[in-house]
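[1] Next one to model:
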Amino acid sequence: MIKVTVDGIDVFIKRGSTVLQACEAVGVEIPRFCYHERLSVAGNCRMCLVEIEKTPKPVASCAMPTMDGMKIFTSTPLVKKAREAVLEFLLLNHPLDCPICDQGGECDLQDQAMLFGSDRSRFYETKRGVEDKNCGPLIKTIMTRCIHCTRCVRFATEIAGVEELGTTGRGRETEIGTYVEKTFKSELSGNIIDLCPVGALTSKPYAFMTRPWELRTTNSIDISDGVGSNIRVDSRGTEILRVLPRFNESINEEWISDKTRFSYDGLRLQRIESPYIRKHGQLIPVSWADAFETITSKLIKSLNNTKVKPRILGLVSESIDLESAWVLKRWFTLLGTNFDLSTNNKSKISCDISSNYLQNTSIEAIEEADLCLLIGVDPRYEASLLNVRLRKRYLEGGFTVASVGSPLNLTFPCSQLGLGEDTLIRISEGYHPFSKELAKAEKPIIIIGSTLFNLKNDSNMIYELLTLLRQNIPNLINNDSNWNGINFLNLEANSVGIFNLGISEEIFNKDYAIIFLLAADLAKIPINTDSFIIYQGSHGDISANFADVILPGATFVEKPSIFTNIEGQSQISNKVIDPPGLAREDWKVLTELVRYFLRNYIYNSKLGFSQKKQIRTLNRNEVMLGVDKMTSIIPFLCKTNLSVNHEKHEFLDLKINKIKLNLDKKLPFRKSIHDFYITNNITRASVVMSKCSSIYNNRDNFL
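    Below is the predicted model of the structure:
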């Protein structure tokens, strides 16, 4: 620690800190355009000038390191005059676009011109013009407004790992753009909109929609992947107009993916707004009572069949909220053994202990690792913010990344070790050259993709190979340092929450009389065409086309719900707007359906709760449908802060000789996502995501 003085105030800071950081430590705000805490120092804008004792002229505080005993002055007449001059230069060629600029009202240049600028201009020449760049369907550019802070260039190079943006020309002819004329392709490209301090880079879908003071802001959680990024949803009236990132150091820092940012238009398109019943091959809108009557009568007719006890299947989407999945599970538990409940993805993940499906190394702790092995996973497109952490760790140095599976196009170097099971077996048994590096690593991590646990693969073999790795590599799980390096990357927003409920059962090819789909995709499950299908969800998606009864549900922005991310951290998404039409929250629909079923046909009784908070806070003595409450099944939900409960369990205690090796199986571990922009019902309904998929996946991004 060293001692410096800022405007007469003494402060102790770390050696190597900059003058700007020293000023912020005492609460003095230094204006800046080019400086950003998560990007390298550029020193372009010169707005952060301060005066230092015994220096002949003002210095850029963002690039000046501190020294012991340094005296800094931030409000002297020289500093004020220097900042005023810098702003005058920046405004020489900046157009007066504030009335028509989407950045108006939240523009750094506007704010700093008011605080530090002059009240008049001495410039009467013609302003220069710069041709706008076509960066694709997401980013709108008006490059005449650009002040050359290079934040976008540094973000693309350092964070996104896509070196496509840069500067060309010198002096007055300097421009920022792509080196060759093409779109800016990155799964994180929308973050440069937030970084731009002026209106040079704005959102195309948000263009000319509203002003920031007209918006109502609600904090929520992203459900486009399993990371659980913290987001801010801005709405006006009954319409969502934009989604922005919310700071969370342990999960997404201050970034979000393009899918999170721009797929919000899918929340209002192709919506189911009333119940439907199929009559004579056509879906007809009906009332809630008619829909419940049709379902319950069909269900009772099947249950009263004395000849053959029919099987009834419930499929739960892994992106559904925790409360709705729990209500369906409790109902099926009550009805008996002929009711099968499973996830949407035909997964054979073991739910016995939480470490069998968790990201046991927290997202933030990835920065401590020194080696990473990817098995059947593509973190760049399956969990973009997890990939950002891996790249951040790579840039620090001393980090090795290797992959087993299909070839990857990551944003950092990655060694391709092999394609499938035979390579993984050799690594586990110590016969592969990479085994030595894995054994020498102090804090290694292994990330396993969810596709390894589908019905085509032997999931027991995967767990047994991981057990063998744990036995041969002591640092992989080290209880002394509280390190668990075996991680499972689930794709959906609430996969871990669904597994916590114990819903992960293998589905066989059975003749089901009734199939209940809770926002699930029927296309992945082989079924009997004579089955009576009930679909409950928010969008008229693939499965709705086959349904006999459709029940309208709410999206995650239309209900307060719990979602559990890949590392087991439970977070609440808040309600932003009301559901359209007759659509209601999924847990309410299920509750009323069960209540109607019980009251009119079986027990003539009620379910026992009418408010959603009672699902979470039932007394321990109370019983719902003959089972304990949800919070007794998932204890960490009782915590007020909904923090993660990291349990350090061991895997299966099996002997090596019990492993069944299938060396004839040479198929590679396949990727889980083939189209980053279209992965769920919301993105499938989004026009913006469809445009991105068409442009980027067809490889026609060259103009």
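[2] measure stretch 484-501 end to end?
    23 Å (Cα to Cα, to the nearest Å).
[3] for stretch 220-229, same thing?
    Per Cα to Cα, stretch 220-229 runs 9 Å from first to last residue.
[4] just stretch 257-266 next, same as before
    Terminal-residue distance, stretch 257-266 (Cα to Cα): 16 Å.
[5] Check stretch 410-420 too.
    Termini of stretch 410-420 sit 19 Å apart (Cα to Cα).
[6] How about stretch 89-96?
    From the first residue to the last, stretch 89-96 extends over 15 Å; the measure is Cα to Cα.
[7] now that stretch, how far from the centre of its chain.
    38 Å (Cα atoms, centre = their mean, to the nearest Å).
[8] Check stretch 231-250 too.
    For stretch 231-250 - counting by Cα atoms, centre = their mean - the centre lies 13 Å from the chain centre.
[9] Regarding the residue nearest to M143 when sequence neighbours are not counted, what is its secondary structure?
    In this structure, M143 finds its nearest non-sequential neighbour in V130, 4.1 Å apart by Cβ to Cβ, 6 or more residues apart in numbering. Every residue, glycine included, has its C-beta placed from N, CA and C. Here V130 is recorded as coil under DSSP: H, G, I helix; E, B strand; the rest coil.
[10] what are the ranges of the strands in the stretch 51-200 of the chain?
    Using DSSP state E, counting those that start in this stretch, the strands of the stretch 51-200 of the chain run over residues 59-60, 71-73, 139-141, 165-168, 175-178.
[11] mind giving me TSV with these and columns for mean neighbour count, mean pLDDT and distance to G497?
    Shown next, in TSV, are the strands of the stretch 51-200 of the chain (neighbours: other Cβ atoms under 10 Å; pLDDT from 0 to 100; distance: least, Cβ to Cβ, whole Å):
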stretch	mean neighbour count	mean pLDDT	distance to G497
strand 59-60	20	94	48
strand 71-73	19	94	50
strand 139-141	22	95	34
strand 165-168	16	92	38
strand 175-178	20	90	41
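[12] Take the ones you listed and lay them out in CSV including distance to N494.
    Listed next are the strands of the stretch 51-200 of the chain as CSV, based on distance: least, Cβ to Cβ, whole Å:
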stretch, distance to N494
strand 59-60, 47
strand 71-73, 50
strand 139-141, 31
strand 165-168, 35
strand 175-178, 38
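[13] quick one: which of the ones you listed is nearest P433?
    Taking Cβ to Cβ, strand 165-168 is the member of these nearest to P433, at 37.7 Å.
[14] quick revisit: tell me, how many neighbours does the residue nearest to M143 end up with?
    19 (other Cβ atoms under 10 Å).
[15] Run a quick neighbour tally on the residue nearest to V41 when sequence neighbours are not counted.
    In space, and not counting its chain neighbours, V41 is closest to A63: 5.1 Å by Cβ to Cβ, 6+ apart. The number of residues packed near A63 is 17, by other Cβ under 10 Å.
[16] so which of the strands of the stretch 51-200 of the chain comes closest to I251?
    Using Cβ to Cβ, the strands of the stretch 51-200 of the chain put strand 139-141 closest to I251, at 24.4 Å.
[17] So which other helices or strands are in contact with that closest one?
    strand 201-203 (3 or more Cβ pairs under 8 Å, 6 or more residues apart in numbering; DSSP states H and E).
[18] pLDDT below threshold where in this protein?
    305-309, 336-338, 344-348, 454-459, 505-510, 523-529, 600-668, 698-703 (pLDDT under 70).
[19] Pull up the distance across stretch 548-558, start to finish.
    So stretch 548-558: terminal residues 25 Å apart, Cα to Cα.
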